[in-house]
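[1] coordinates only, sequence not included:
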């Protein structure tokens, strides 16, 4: 986490090198005016650029350049840990560039237009799974085709077809209302593109084949924000017990009708204690997020502030009040949320497929004219049964002299049978057959090639990657020279403290007990007990036990040594031994017991270790930078620098 924050800060002080007027030279490395201005303007947050501001900023910029220069000189950029970490960031940075942007924009618009509507649909499922073989798949498709024909020619109703054919007969196939992103993409597309009352074409999803009948469409109901009061059902509850519990719900409902506050009643009576303490408030939700009865009751409330009569779900009796309602926003307002949902869902695969299609064109993907026989040669050389199980080993792939033969080229770079075999060994998976492995090999090769060209083709990607590269180097070297050293060099830390002990003093403080009394009555009782304490007849622990025997909230206690500004109650009383009473905005009362006044005194290292470590780090860094400036010559053209000032 610390490193991530550090890298962000580094990105804010690094920039894109451009050939132009030289501003400075750091030990032979030229820094252009454009590079410096780019990072300066990114960081200045509309501050006025003055000579003083420039001089301070250029000092920080030079320090950054010197540290990175030393890190590279020490070979930190050649270490395996650095290379591995940079590779992780490189993969992350590459993701936005490995998408078909125009295609994704089309998906965003399509999703937004669908989000504005809800669909009510039913379906017939012809189930398939990962273990289904081609014969199973064909049989299910033919069965779906038969059912579709029977429905369309009127020989059977859709409802009867559900009973006859569907392998998911819940609610007679009716899925209720849903909107975009609620179903798998192919199913959603069928539902949104089929007319009301009509039957879709056969749809394939990961669950099998579907026939979708669209029952109705409407404008989206959006999302609601509600609070609820709940009376829970226990496991195995009887109908008689449910009826008895409803009596409690009815009683609370009557209180609501007489004008009592919903949040207060939720706090007092709701058995969903996780929400009761928040007045029964639930997060925003849309369709298919709650039990159907709860969803229907929540969305049928017309006005904000209205509440339902008690209704039942499988979990208990509920009363719901509508706090707020929102509909789908504008395209601009919804775009970022839609992007996130696309990236997390199956639609993201569509953008990758569109990219692959584009890459094959852009990079002249060409299969060898003998591709069939060469693929067959690879196929014969491997154990296909083990391939399907995902358990191939190197010994299961026989190596032959013709493995160097080309399968395809990408930008005239050849990919051979041997390359394909290596890919199979590394990326084999259960139930992935030979042809699918070959398709994956082609796709993988195209994507890897695109990644290899990103620095050349995408200037912004190259700039960001360089920023992360320098950031990791800077973090690692600063950690070694400053942060880790300050924590582990206990002798150096002690010597620094001893040499600078005049900087670490306690100002005048008081030792005090602070008591929070629930009300004035408790405060009076406490004062009597404090008199006994002053005579040595009773301890603080005994006072707490006595006063809190009926309620643990009667009296709360804290004790410490306080300086000026450490505690608002201590700041309000005289710093003199004694007891002081303070009122609050509520009925609670604060009693401050000053035990002693402590004069100014020197701190020990253990009292201020965190502050000393921070100061020691600054000391180490200042010395380190002084050494760097002596080691590496830096020249700055101040005339060019000050030309920035307008």
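    Right, received. Where do you want to start? Because the structure is a prediction, the values reported are computed rather than measured.
[2] So for the particular helix or strand that has residue 226 in it, what gets flagged as buried?
    Following DSSP states H and E, one finds residue 226 within strand 223-232. For strand 223-232, burial by neighbour count (16 or more other C-beta atoms under 10 Å) applies to 223, 224, 225, 226, 227, 228, 229, 230, 231. Bear in mind the C-beta positions are built from the backbone N, C-alpha and C, glycine included.
[3] so the next helix or strand after it versus strand 223-232, what angle?
    Under the assignment DSSP H and E, the closest C-terminal helix or strand after strand 223-232 is helix 239-257. Helix 239-257 and strand 223-232 are oriented at 130 degrees to each other (axes from the mean of the first three to the mean of the last three C-alpha atoms, to 10 degrees).
[4] List the buried residues for helix 239-257?
    Neighbour counts over helix 239-257 (16+ other C-beta under 10 Å) mark 245, 246, 249, 252, 253, 255, 256 as buried.
[5] Count the residues that sit near the nearest residue to residue 93 once chain neighbours are set aside.
    Among residues not flanking residue 93 along the chain, residue 464 sits closest, at 5.4 Å (C-beta to C-beta, 6 or more residues apart in numbering). For residue 464, the neighbour count with other C-beta atoms under 10 Å is 18.
[6] Likewise for residue 366?
    By other C-beta under 10 Å, the burial measure for residue 366, its neighbour count, is 14.
[7] repeat for residue 374
    Neighbour number of residue 374 under other C-beta under 10 Å is 21.
[8] For it, grab phi and psi.
    Dihedral pair for residue 374: phi -70, psi -40, per degrees, to the nearest 10.
[9] Next up, the contacts around it.
    Going by C-beta atoms under 8 Å, 6 or more residues apart in numbering, residue 374 touches 368, 405, 406, 407, 417.
[10] Let me know the pLDDT of it.
    For residue 374, the pLDDT comes out at 94.
[11] Who are the packing partners of the helix or strand hosting the residue nearest to residue 93?
    Using DSSP H and E, residue 464 falls within helix 459-478. Packing partners of helix 459-478 (3 or more C-beta pairs under 8 Å, 6 or more residues apart in numbering; DSSP states H and E): helix 2-11, helix 51-73, helix 80-94, helix 434-457.
[12] now with 6 Å?
    helix 2-11, helix 51-73, helix 80-94 (3 or more C-beta pairs under 6 Å, 6 or more residues apart in numbering; DSSP states H and E).
[13] what about it, average pLDDT?
    On average, helix 459-478 scores 88.
[14] swap in stretch 165-185?
    The pLDDT scores in stretch 165-185 average 90.
[15] for that stretch, how far is the first residue from the last?
    By C-alpha to C-alpha, to the nearest Å, the extent of stretch 165-185 from end to end equals 23 Å.
[16] Buried residues of it, list them for me.
    Buried-residue list, stretch 165-185, by 16+ other C-beta under 10 Å: 165-166, 168, 173, 175-183, 185.
[17] out of those, who's nearest residue 202?
    Lowest distance from residue 202 to the buried residues of stretch 165-185 (C-beta to C-beta) belongs to residue 165, with 12.1 Å.
[18] can you pull the contacts of that closest one?
    By C-beta atoms under 6 Å, 6 or more residues apart in numbering, the contact list for residue 165 reads 124, 147.
[19] run the last query once more with 7 Å
    Counting by C-beta atoms under 7 Å, 6 or more residues apart in numbering, residue 165 touches 124, 126, 143, 147.
[20] Could you do residue 561 as well?
    Counting by C-beta under 7 Å, 6+ apart, residue 561 has contacts 509, 511, 598.
[21] what about 8 Å?
    Counting by C-beta under 8 Å, 6+ apart, residue 561 makes contact with 509, 510, 511, 512, 598.
[22] Buried among the residues you listed? Need that as a selection in PyMOL.
    Entered in PyMOL, the line below selects the buried ones among those, by 16+ other C-beta under 10 Å:
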select buried, resi 509+510+512+598
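[23] Keep only those of the contacts of residue 561 that are in strands.
    Here DSSP state E is the test, and those give 509, 510, 511, 512, 598 as lying in strands.
[24] Grab the two from those that are most spread out in space.
    Greatest spatial distance among the ones in strands among the contacts of residue 561 (C-beta to C-beta): 512 and 598, at 10.5 Å.
[25] re the thing from before, same question for the strand holding residue 226, mean pLDDT?
    Averaging pLDDT along strand 223-232 yields 95.
[26] And for it, what's in contact with it?
    Contacts of strand 223-232 (C-beta under 8 Å, 6+ apart): 245-246, 248-249, 252, 262-263, 265-266, 269-272, 275-276, 279-286, 294, 298-299, 301, 315-326.
[27] which stretches of this protein have low pLDDT?
    1-20, 43-45, 646 (pLDDT under 70).
[28] any idea how it splits into domains?
    Domain segmentation of the chain under automatic domain parsing yields 1-73+458-504+606-646, 117-219, 223-326, 363-457, 507-602.
[29] These into a markdown table, with extra columns for distance to residue 82?
    A markdown table is the format used below for the domains of the chain (distance: least, C-beta to C-beta, whole Å):
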| stretch | distance to residue 82 |
| --- | --- |
| domain 1-73+458-504+606-646 | 6 |
| domain 117-219 | 40 |
| domain 223-326 | 42 |
| domain 363-457 | 18 |
| domain 507-602 | 44 |
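[30] and of those domains, who's closest to residue 100?
    domain 363-457 (11.4 Å).
[31] Narrow the contacts of strand 223-232 to just the buried residues.
    Neighbour-count burial (16+ other C-beta under 10 Å) applied to the contacts of strand 223-232 gives 245-246, 249, 252, 262-263, 265-266, 269-270, 272, 275-276, 279-282, 285-286, 294, 298-299, 301, 316-323, 325.
[32] tell me the centre residue of this protein?
    residue 340 (10.4 Å; C-alpha atoms, centre = their mean).
[33] so that residue, which of the three states?
    helix (DSSP: H, G, I helix; E, B strand; the rest coil).
[34] how near is it to residue 399?
    Separation of residue 340 from residue 399 (C-beta to C-beta, to the nearest Å): 46 Å.
[35] circling back: which among the buried residues of stretch 165-185 gets closest to residue 641?
    Using C-beta to C-beta, the buried residues of stretch 165-185 come closest to residue 641 at residue 181, 52.9 Å.
[36] so of the buried ones among the contacts of strand 223-232, which ones are in helices?
    245-246, 249, 252, 262-263, 265-266, 269, 275-276, 294, 298-299 (DSSP state H).
[37] ChimeraX command to pick out the buried ones of the contacts of residue 165?
    Remark: buried members of those, expressed as a ChimeraX selection using 16+ other C-beta under 10 Å:
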select :124,126,147
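[38] between the contacts of residue 165, which is closest to residue 200?
    Using C-beta to C-beta, the contacts of residue 165 come closest to residue 200 at residue 124, 10.4 Å.
[39] and the closest one, what is it in contact with?
    Contacts of residue 124 by C-beta under 8 Å, 6+ apart are 144, 147, 158, 161, 162, 165, 166, 173, 210, 211.
[40] go with 6 Å
    161, 162, 165, 166, 211 are the contacts of residue 124 under C-beta under 6 Å, 6+ apart.
[41] again, but for residue 461
    So residue 461 contacts 97, 454 (C-beta under 6 Å, 6+ apart).
[42] For residue 348, see how far away it is.
    For residue 461, the distance to residue 348 - C-beta to C-beta - is 19 Å.
[43] bridging residues for residue 414?
    Beta-bridge pairing for residue 414 (DSSP bridges): residue 409.
[44] pretty sure it is touching residue 405, no?
    No. Contact status for residue 414 versus residue 405: not in contact, 9.1 Å apart, counting by C-beta atoms under 6 Å.
[45] who has more neighbours, the two?
    More crowded of residue 414 and residue 405, by other C-beta under 10 Å: residue 405, with 17 against 13.
[46] Next, that one: phi, psi?
    phi -70, psi 140.
[47] correct me, but it touches residue 415?
    No. Assessed by C-beta under 6 Å, residue 405 is found out of contact with residue 415, at 10.5 Å.
[48] if we can go back for a sec, any idea which of the ones in helices among the buried ones among the contacts of strand 223-232 is closest to residue 385?
    residue 294 (50.6 Å).
[49] Which residue comes closest to that closest one once chain neighbours are left out?
    Nearest to residue 294 is residue 313, by C-beta to C-beta, 6+ apart, at 5.5 Å.
[50] Perfect, I'm done here.
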